Each structure stands twice: as C-alpha cells, then as structure tokens.
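1. Sequence below, structure please.
(2 chains)
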Amino acid sequence: MSVAAPSLDLSRLDLIELPTTDQEIWRYSRIADLDLARFTPDHHDVDIRGGDAYVADDGVVSLFDDAPDVFAEISAARGSAVHLVIPAGTVVPEPIVVTHSIPGGGALTTPRLLIDAGDDSEVTVIEIFRSASGGAALTLPVLHARIGPAARVKYLTVNELNDEAWSIGHQRAESDRDSTLLLSTVSLGGDYARVRTEARSIGRGASTKQVALYFADGEQMHDFRVIQEHVAPHTTSDLLFKGAVQDHSASVYTGLIAIGEEARGTAAYQTNRTLTLSDGAWAESVPNLDIRTNDVKCAHASAVGPIDEDQRFYLESRGVQPEIAERLVVLGFFDEVISQLPSAELAADLRARVSAKLKIGDAS
Amino acid sequence: MSTLTISDLSATVAGKQILNGIDLTVSSGEVHAIMGPNGAGKSTLSAVLMGKPGYEVTGGSVDLDGTDVLALPAWRRAAAGLHLIMQYPTEVPGVSLDAVLGEALTARGRSTDNLHELLVDEAARIGFEERFVHRPLNVDLSGGEKKRNETLQLAVLQPKFAILDELDSGLDIDALRDCSRRVEEMSNDADQPLGVIAITHYSRLLEELRPDRVHILVKGRIVESGGPELADVLERDGYTAFAPDADVAESTDAAAGPRAQPASLDDLFSM
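-> Numbers count the residues shown, from 1 in each chain, chains lettered A, B, ... in the order given. Reported below is the predicted structural model:
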C-alpha cells in the first residue's frame, strides 16, 4: 500500500471511500456515522515543551511506509509531522510535552508525531489533544515510534477533546533489540475516539508495555484496536486496558497477540477490564491470540461488568457511605493504570478528572 | 453500656432456609462464642447481622440500644456500632486502608486529625507492618496479615460490638495470638468495653479470647448455651453430642469437629 494513493484528493473528501463495519477491525465502530464531506482540511496549533533540541526540521513525514487505513493515508498525504530525533546515547531528562489544539467548526486535522529514539537513548514524550473551539471536528492523529536498540521510551497520549470531536488515530511502534517501550493512553474526551495501535517487537529482547485508561459518559464511544506483534525471539509484551462506561456511552476493545514463527521464547499478556456504571452503557471486549511457534508464554483476560459487589460491601461494612464506597472502588480500579503512567504530576490531575466525571450518587 | 439483642432471627439464602430462629443477647464487655460445624449457618449469621446483599431476613429482629438494626443499610449499621471481621477479607485494588478509615471516621462525624498516629500505634500493637497502611486493602496480603489488618480496623473504629467471623481461619499461631489478644483487651477496656460475638469452628481461638458464654449452633439454631466449659466439652466430644447425626452429617465437612482439624503448628505448640 502506498502512502498517498493517487485517488486521495483531499479537496474532494466526499469521494474518499470509507471502511464499513463489515470489516472485523471496524466492527462495533461508529464509522457508518461519519460523513467526510462535512469536513475541510485545516491546520492546528502545536505547542512543544522541552523538546526544542530534538525537533528535526527535515521534512520527514513517516517512519514507516504502510498506512493501515484510509485515515492514516489522509494523514500521510497532508505531508507534515513533528519529528523528534533522540540521538544515540542521549538521556532526555524532562518529558517532552506536545500539545495539539484541535479546532472545531468542521475542521479536519492531522496531528502527526514521529519519535525516533536512537540506540541506548531515553525519553518520555507526552502528547495531549485539546479542543480549541466548538463545532464538529475530525482529527486523525498518527504516531510513529522507532525504538532503537537498548532505547528506553515512555509515551503517553491524553485525549481531552470536547464531546463534539471525532478522533480516529493510528499508532505504530517498532521496538529493536533490548529496548523497553511504554505506550500509555488516557482517553476521557471526544464524541467518538478511536485508536488503532500496532506495537511490533522486531529485535531480540525487546520489551513493550501498553496501558490505557478510558472513561466514557454521555453518548461518547471509546474504541481501541490493539495488535501486539512479536517478530523477534525472546520478546515480551504486556497490555493492561481498564475503562468505564457511564450513561449511554460505549467502549470497544479488540486485541490481538500475534506471535510469529521466529518469536520463540516470547511472553505476551493482555488484560482488558471495563466497568459498566449505568444500565444504558455498553462495552465490548474481544481478546484474540495468533501464535505460530511453540515455547511461548501467553495469557489473556477480559471482563465487562458492574462494580464488584464484594468490594463495595467491604467498604460499606466499615461504615463508608455507598456512593463514597463506589467512588473509591472505581478510582481504585483505575489506579492500577494511573500508577503506571509516566508522569506523576499528571497522575494526580487525572485522578481528579476521573473523580469529577463519576456520577455515582448524583442521580440515584 | 450497650446491648445487642437478636430475637428469633430467621434468614434464607437463595431461597434456602439457613437461620431458624436465633436468640442471643450480648452486652458491652461480654464475649460470646458461637461454635458450630460447617453448614450450621455461622457465616450467614454474621452476614445477616451486617446486612450483606444476597441474604433475606424472613423473621425476627436485631436491636442495638433501641435501634432497629435490620432496617439500616450496612454502612449505617457500622456507624451505629456494629463491626464485622470477615472470614475472607475482600481485596480492594487501588483503595488504601488509611483512605477507607478516613472515610469511615468522617461518616461517623469523628475527626481524622490523628488517624495516621492512631494507625501507626495500632499497627505496632498487633504486629501489622506499617507500610501496609498505605497499600491497597488486603491486596497481596497473607492470611495472617489480612486478619491483623481486620483487627487493626476494629481497634481504630472502636465499635460497640464486633462480630468475628472465623477470625481464626487462614492465619498462623502468632497472628492468631496477636489478633485475639487485642480483641480481648478491647473487651476489657475500662471506658468502652467491646461486646464480641466470636463465630468459630475451633476452640483454639478461645485460648486468648476468653468467652463468657459459649453457644452451639446447629442447623441455624442455637441448640446449647453454657459457660466456657462448653468449649472444652466440644473439644473432647465434637459436635455430634449436640446434634442428631443427620444434622451434622448434612454438610460434607460437618464431621470435622475440633478433633478433626488438620494437625498444625499450634497443636505442637500447645503440647
């Protein structure tokens, strides 16, 4: 697949053919509700802190050639990206924070971040998406991350978009020998917010961890499609996605652990848990395995359900009021993810945001 | 001085009758042991007293100093002065002990200013490692640590009555001694003596926690009550003396009286 197919005329978005929910990777999604003709390509403001020394003004738009869907193709075709280059052996002491201000009013934006971490380098990158104005917005964020041998990279994306914005994202990471990568996601915003993630372990001994916290309310939908792909031997991946759905919101997680023929001695785990906090909320969780070699350790777990009754009763039996007990249980549920995020400062803020979003005790 | 009065209490679980008219009156400072074979309704009694979901009271009453306990939700029962030490304390990921006790004290209108000092002090007293105080409740704790944690909560919250649901299960002899001694101390407190309902299968709990009364529960009914010597009789003769064979044999584990408990370190120490 080429990066920009000739048929992609960005001045005629109405002619672009969209995927349908008949395709497994789009099953359960809201793709059928999307009318590209309502949007006009536009620019957005990007603020970069702590990264001036590492932004390469070299016109590079992609670290990987293939785009998995038409949205990633549109992103690539627009031809601009923030390219962070961390030279070999460099330890970046403070997180680099990239903040995208996404306009509404029918704007189609394509935030694009490339992280190229050299051999034995170390960096933390935090990417934040905020709405700059109201009205319909469609943003198509793309992340390419190349993790060099023995590099240590932590990445966090935070979706704080308003409830009119649509976000259809793609993340791709390739981890080389003995590297460690943390891909973390916090999704609180958006009307429909989707991320497709492909984390590939291409070098022996590479280790990848993925964590996500998502919390939808109102009519929001959070949609995650994740592939943990093991190409090289003795690689490990661990995934923990925890979410909650409230009111009439929805969430989807579909995950695939794909272990290739050469990837012997690999360990891969995926866990997805979603709390349904309202009768009208809905969540889907579909973990999958595709294992093509022996000598692997693999486990997957998934659960969708209400707040644990035993946990709630335990707290109530100490004399904690029911709504406070539920609040504690839900925040505790998320704590396992929050405590692994690469920014302690942000973690405290996130706990407060999650707490503010919880409607436990408000209505009933 | 407080009084907890259980009158003719009956309850069902999933439509099955488990409690068949329990009568029991406990006053401040008294320790009542309720002993019985597996399946007698011991845990059901503790769950019903605390208001655990899934249990239906079909008759009788529970009164705490004039308050109708059964009319209250669980958290209000706790605030009114009842405390349950669970047989299998629930793990609550991400929720720390100090956070829960802070909320529990606040709900009772009590100050949390000295909570940390109180926790550190009580933890030291019962051999609970201080670092666990800030960790998620019961997560990755051993059986003994969980029961020390439960006992610590009891000591901090200072209820009027404690229901110990098999405090002695799943913990080692040292933890059992530390926990039961602390409860015994609280029951002897000069200012605010704790009333205790100690539900247990085995008499070893009662070596440190000395009962004023011992009641034998079989098939959801108290079939015999007496002084501490009743526990000795049980130790010697087992439950069969107090129940028709059919009653005790109903549960598969029921034959496991005090005699049948697995040999453990305690047995060696008590020799």
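2. Please point out which parts of stretch B:60-72 sit buried.
-> Buried positions in stretch B:60-72, judged by neighbour count with 16 or more other C-beta atoms under 10 Å in any protein chain shown: B:60, B:62, B:64, B:67, B:69-70, B:72. (C-beta placed from N, C-alpha, C; glycine too.)
3. Just the closest of those to A:V354, please.
-> A:V354 lies nearest to B:L72 out of those, by C-beta to C-beta, at 30.6 Å.
4. Okay, helices next: where are they in the stretch 51-200 of chain B?
-> Assigned by DSSP state H, counting those that start in this stretch, the helices in the stretch 51-200 of chain B fall at B:74-80, B:97-107, B:115-125, B:143-157, B:173-187.
5. Which of those helices sits closest to chain A?
-> helix B:74-80 (3.4 Å; C-beta to the nearest C-beta).
6. quick revisit: may I see the helices of the stretch 51-200 of chain B arranged in CSV, with distance to chain A, mean neighbour count and mean pLDDT as well?
-> Formatted as CSV, those follow (distance: least, C-beta to the nearest C-beta, whole Å; neighbours: other C-beta atoms under 10 Å in any protein chain shown; pLDDT from 0 to 100):
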stretch, distance to chain A, mean neighbour count, mean pLDDT
helix B:74-80, 3, 22, 97
helix B:97-107, 4, 21, 94
helix B:115-125, 13, 16, 94
helix B:143-157, 6, 23, 95
helix B:173-187, 17, 20, 94
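7. Looking at the ones you listed, which is nearest to A:H234?
-> helix B:143-157 (36.1 Å).
8. Which elements pack onto that closest one?
-> strand B:82-85, helix B:97-107, helix B:115-125, helix B:173-187 (3 or more C-beta pairs under 8 Å, 6 or more residues apart in numbering or on different chains; DSSP states H and E).
9. Relative to A:E24, which of the helices of the stretch 51-200 of chain B is closest?
-> helix B:97-107 (42.4 Å).
10. re the thing from before, could I get the helices of the stretch 51-200 of chain B in JSON lines, plus columns for distance to A:D66?
-> Below are the helices of the stretch 51-200 of chain B laid out as JSON lines (distance: least, C-beta to C-beta, whole Å):
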{"stretch": "helix B:74-80", "distance to A:D66": "56"}
{"stretch": "helix B:97-107", "distance to A:D66": "48"}
{"stretch": "helix B:115-125", "distance to A:D66": "56"}
{"stretch": "helix B:143-157", "distance to A:D66": "52"}
{"stretch": "helix B:173-187", "distance to A:D66": "59"}
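11. I'd like to know which residues of chain A are adjacent to chain B.
-> With C-beta under 8 Å from any C-beta of the partner chain as the criterion, chain A meets chain B at residues A:309-311, A:313-322, A:324-325, A:328-329, A:331-336.
12. do that again at 10 Å, thanks
-> Residues of chain A lying close to chain B by C-beta under 10 Å from any C-beta of the partner chain are A:308-322, A:324-325, A:327-339.
13. Of the residues you listed, just the buried ones, PyMOL syntax please.
-> Typed into PyMOL, the line below selects the buried ones among the residues of chain A next to chain B, using 16+ other C-beta under 10 Å:
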select buried, chain A and resi 308+311+312+313+314+315+316+317+318+319+320+321+322+324+325+327+328+329+330+331+332+333+334+335+336+337+338
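14. Out of the buried residues of stretch B:60-72, which comes closest to chain A?
-> Once C-beta to the nearest C-beta is applied, the member of those that ends up nearest chain A is B:L72, at 11.0 Å.
15. Would you mind listing the residues in contact with that closest one?
-> B:51, B:62, B:64, B:78-80, B:82 (C-beta atoms under 10 Å, 6 or more residues apart in numbering or on different chains).
16. And for A:R27?
-> Going by C-beta under 10 Å, 6+ apart, the list of residues near A:R27 reads A:20-21, A:225, A:252, A:254, A:284, A:286.
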